[in-house]
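Participant: return atomic coordinates for the entry below.
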Amino acid sequence: MGGPRGRRALVHAALGAGLSALVVMTVTVGDTSAAAEPAAPAAAATVASASAATATAVEPAESPAAATPSAAAPAALGGPLTPAELVAAFDRLVLPGTSDPAALPPITGDGATDAAIRAAGEARGYRVRAVADVGRLVPVGGVLLQPEAAAAWGRVQSAAAAAGHGGLRLVSGYRSAGDQAAIFGRYLASWGLDRALGRAAVPGYSKHHTGFAVDIAQGGLGGPAFGLSPAYAWLAADGFANARQHGFLPSYPPGAGPQGPDAEPWELVYAGTEAIRCAGPYATADPSCLPVRCPRLAATPVPFRFRQPDCTSLGVPLSPVETVDVDHTPSGRGYWVTTAGGVVRATNARHAGHGPTLRAGELVVALEPTPTERGYWLFTTAGRVFPYGDARHRGDVTTVLPPGQALRLPIVDAVATASGRGYLMVATDGGVFGFGDGRFQGSLPGVLGGRLPDAAVVGIAMAPGGYWLVGADGGIFTFGRIGFHGSVPGVLGGRRLDAPVAGMVASPAAGGYFLVGADGGVFTFGAAPFLGSLGGTGPRKSPIAALSPSPRDRSYLLVDAVGTTRAFR
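Facilitator: Below you'll find the model as predicted:
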């Protein structure tokens, strides 16, 4: 059936003051022969009329449009963030005064050894970092920093001193790749690779390269000992509220999952107050947050603003540590859970491999298994495909775009065909790419004239004869010769959708589909059974990322951004 599995699209989004005017649309383009269509802005239309559906929701969040980190402290930053959200608030940014490295720097001087070290580092969650324009940096406290971070650091010191925590000082700021290589080399020689990776970043992978990271101490308490200092207790209280108030976050907080080194209480990173206000799964329900310009996603170099008055995300993950997908095996006996960094966890399922080599800003958005259960594909925001086990590479977006041209907007979801000999990918504007026997049957840019959609497309599901696309507002688009079974706007009758739809998956029984909201609310249409949801249980610490129905029995799994699963039967 090509679809009875989990479907991600972790949407950190706001849907504005309410659903806009709805346009009934079912698109049937069954005879279109194009193999793939590059993503481009398209108009949104949501479809009215629905069959049985049940869901509830929580306030949505602001998300990036276009901005750089702001040095101004806001009146309020909302509640504490989860460790994954703390990491994501920095990792999501396109940082001013930086550029992607032209090449990765040497580590030991031996190419094979360096490649093995990088692979081990990436498996721990390290990611390649942007490099500062050194001419832009300013001296402060004996180190070099980006000017935004330098100004904010002065405010942190003043606030700490006013709270009785004097002696807070900088130990390190910007580091060149050569500086980092010297530090990492000492640890490597003394401790071996595993322990060295737990304490120091691989050259080229350090946040210090950006000029936005600082190592700090209080008096003689530096390094791990800083975690025992009164100043650290003050900074870390209430989810690092005193640091967040001035735009700083812990670089490597405890409990964030694979993020590179072990937790480092002495290192902070400047993300800016705007990024922090827009960092949570729904940011805040406070309307005062809505006008704030959210910093743009690193995976999305071209700003893409929708019609909502607030910032709306593009349905892409924010950090490699986020869980993005859960997928049952075709037999229903097990499942896989996948992170945006490409780490795959198998439960009663074959682990065929993981850890793709991702480019700067590139993240995994979906896993699709082969019919044999002996392999799977990982799909990325850049439209690249990584096969494992008996999965075969059938092509990717880089093979259909003109040389040197990249996607304008990221891929957010993918689905494999029932035969396992092809797959489809969809971008946030509804552009669809088909490969192998994944037949292209139309897309939003192809039929809606290039107008901006009301909501980002966040998912795709397949049935014999065609496929559906879903927007963050729950609007459904059909392509090919398949049925329309209902949509969220048709259920709500124009009422506000408080939390965005996170993704969609076809029902194992023909003739239906599931939608899941970021709050855990579940909508069922057609033959898809409603078995329960997490909607209406209050704000979640971690948003729901995906739903996967079992092909074996009447049950489904929900998974949140930190990888916790919940079964409903």
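
Participant: pass me the low-pLDDT residue ranges in this structure, would you?
Facilitator: Flagging of the chain using pLDDT under 70 yields the residue ranges 1-79, 277-318, 450-454, 496-498, 538-541.

Participant: is it true that Phe379 touches Pro410?
Facilitator: No. The pair Phe379 / Pro410 is not scored as a contact, 10.8 Å apart, by CB atoms under 8 Å. All C-beta atoms are positioned from the backbone trio N, CA, C, and that covers glycine.

Participant: and for these two, which residues touch both?
Facilitator: The contact sets of Phe379 and Pro410 overlap at Val365 (CB atoms under 8 Å, 6 or more residues apart in numbering).

Participant: what's the neighbour count on Phe184?
Facilitator: Phe184 has 23 neighbouring residues, counting by other CB atoms under 10 Å.

Participant: give the contact list for it.
Facilitator: Counted by CB under 8 Å, 6+ apart, Phe184 has contacts 107, 196, 200-203.

Participant: measure it to Val171 for me?
Facilitator: To Val171, Phe184 is 17 Å away according to CB to CB, to the nearest Å.

Participant: now do Gly97
Facilitator: 22 Å.

Participant: does the spatially closest residue to Thr323 that is not a sequence neighbour belong to a helix, a strand or coil?
Facilitator: Spatial nearest neighbour of Thr323, excluding adjacent residues (CB to CB, 6 or more residues apart in numbering): Gly563 at 4.2 Å. Three-state call for Gly563 (DSSP: H, G, I helix; E, B strand; the rest coil): coil.

Participant: quick one on the thing from earlier: of the contacts of Phe184, grab the buried ones for ChimeraX.
Facilitator: With 16 or more other CB atoms under 10 Å as the burial test, the buried ones among the contacts of Phe184 are selected in ChimeraX as follows:
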select :107,196,200,201,202,203
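
Participant: could I get the contacts of Phe184 in CSV, plus columns for secondary structure?
Facilitator: Shown next, in CSV, are these (three-state DSSP):
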residue, secondary structure
Ile107, coil
Ala196, helix
Ala200, coil
Ala201, coil
Val202, coil
Pro203, coil
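
Participant: Ala225: which of the contacts of Phe184 is nearest?
Facilitator: The shortest approach to Ala225 among the contacts of Phe184 belongs to Ala200, at 17.0 Å (CB to CB).

Participant: so that closest one touches Asp262, yeah?
Facilitator: No. The criterion here is CB under 8 Å, and Ala200 misses it with Asp262 at 10.4 Å.

Participant: so how far is Ala115 from Pro529?
Facilitator: 49 Å.

Participant: and these two? Which one has more around it.
Facilitator: A count of neighbours by other CB under 10 Å puts Pro529 above the other of Pro529 and Ala115, at 16 against 13.

Participant: need the contact list for that one.
Facilitator: If you count contacts by CB under 8 Å, 6+ apart, then Pro529 has 507, 554 around it.

Participant: work out for me the element it sits within.
Facilitator: For Pro529, there is no host helix or strand (DSSP states H and E).

Participant: how much space separates it from Ala502?
Facilitator: Taking CB to CB, one finds Pro529 at 19 Å from Ala502.

Participant: nearest to Pro101, of the contacts of Phe184?
Facilitator: Pro203 (10.1 Å).

Participant: and that closest one, what is it in contact with?
Facilitator: If you count contacts by CB under 8 Å, 6+ apart, Pro203 has them with 104-107, 177-178, 180-181, 184.
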